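Engineer: Quick one: sequence and predicted model below, then my questions.
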Amino acid sequence: MSGFFKDTQESFLWSCKQGIMGNFYARERNFKSLMAVLGDFTFFDGEPDRALVEYLPKESKPEFRILVPPDEAWGRLIEDCYRGRSRKIMRYRMKKEPNTFDTDSLKRVARLPKGYTFKWIEEEFYNRCREEEWSRDFTAQFADYESFCTFGMGVLALKGEELVSGASSYSAWKGGIEIEVDTKEEYRRQGLASACCARLILACLETGRYPSWDAHTENSLALSEKLGYHLDCPYTAYEIYGEGSKI
């Protein structure tokens with residue numbers, strides 16, 4: 001595996017390489033290609049291999065995956081294997097710049113509107129995050145709460161006792177986390193996501209962890225730039241949907 005994913009700046013692959021979370025797959029007796037899987041994400045390297053592209057690992061959800069090709073040849077193979085079930089999208093990889101953040105600016109952003117409170121993800125909220133679809137990925141990639149405490153961290157916004165927004169560790173590696181942010185639909189556009197992200201980034205900087213950001217949409221890209229990130233490069237990915245899905 002040492003010859004694959006060389007010089008990668010993708011935190012998901014760091015997590016896999018360090019054995020923190022995620023898995024590698026290769027065809028038996030064929031080590032010309034490698035597939036890395038972590039949560040919804042699948043990455044490929046080496047020679048394009050149809051068997052790997054078509055393989056569904058046991059931890060992957062058949063109804064939705066994100067496949068990331070390293071080049072156009074892999075992309076064409078993904079399109080061919082999932083004809084009618086794939087959507088080509090553009091994602092945005094942000095630069096990893098430890099000294100780029102303006103902490104004073106982040107402190108100003110990290111303020112919730114009146115009526116909301118912050119809560120760090122401790123054991124009660126670790127489990128509560130998994131109860132609703134919109135918040136599940138705040139903790140879903142961690143095997144248990146002890147693993148989350150060791151490698152991850154996250155902060156939530158509550159209105160009364162209701163969990164309404166948050167920023168947390170989608171994944172983690174030795175030295176940092178990959179930020180997952182979301183807000184319950186009826187509470188969006190109130191600055192809750194920005195406040196949670198700023199609070200989490202500040203906590204990461206205080207504890208020596210890097211808060212990595214990989215933007216799924218242009219809205220996510222804009223939010224990251226508001227918080228101090230800079231675009232590294234856009235890249236192609238494919239959303240893969242289950243049999244019978246309408247896309």
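Structural biologist: Perfect, I can see it now.

Engineer: Could you give me the buried positions within the longest helix that the chain contains?
Structural biologist: What stands out as the longest helix in the chain, according to DSSP state H, is helix 192-206. Neighbour-count burial for helix 192-206 flags 192-205 (criterion: 16 or more other C-beta atoms under 10 Å). C-beta here means a position set from N, CA and C on the backbone, and glycine is covered the same way.

Engineer: Same question for stretch 224-231.
Structural biologist: Applying 16+ other C-beta under 10 Å to stretch 224-231 flags Ser224, Leu227, Gly228, Tyr229 as buried.

Engineer: and the last one, helix, strand or coil?
Structural biologist: Assigned state for Tyr229: coil (three-state reduction, DSSP: H, G, I helix; E, B strand; the rest coil).

Engineer: I figured it hits Thr100, correct?
Structural biologist: Yes - between Tyr229 and Thr100 there is a contact at 7.3 Å, judged by C-beta atoms under 8 Å.

Engineer: Tell me which residue lies nearest the centroid of this protein.
Structural biologist: Tyr170 (4.8 Å; C-alpha atoms, centre = their mean).

Engineer: And it, which helix or strand is it part of?
Structural biologist: Using DSSP states H and E, Tyr170 sits within strand 162-173.

Engineer: Packing partners of that strand?
Structural biologist: Judged by 3 or more C-beta pairs under 8 Å, 6 or more residues apart in numbering; DSSP states H and E, strand 162-173 is in contact with helix 11-17, helix 145-151, strand 155-159, strand 176-183, helix 192-206.

Engineer: May I see the buried residues of stretch 7-20?
Structural biologist: By neighbour count with 16+ other C-beta under 10 Å, stretch 7-20 contains the buried residues Thr8, Glu10, Ser11, Phe12, Leu13, Trp14, Ser15, Cys16, Lys17, Ile20.

Engineer: what two of those residues are the furthest from one another?
Structural biologist: Spatially, the most separated pair among the buried residues of stretch 7-20 is Thr8 and Ile20, at 14.9 Å (C-beta to C-beta).

Engineer: Domains in this structure, by residue range?
Structural biologist: The chain resolves into domains spanning 11-93+236-241, 98-229 when parsed by automatic domain parsing.

Engineer: can you list those in TSV and add mean pLDDT?
Structural biologist: Shown next, in TSV, are those (pLDDT from 0 to 100):
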stretch	mean pLDDT
domain 11-93+236-241	96
domain 98-229	97
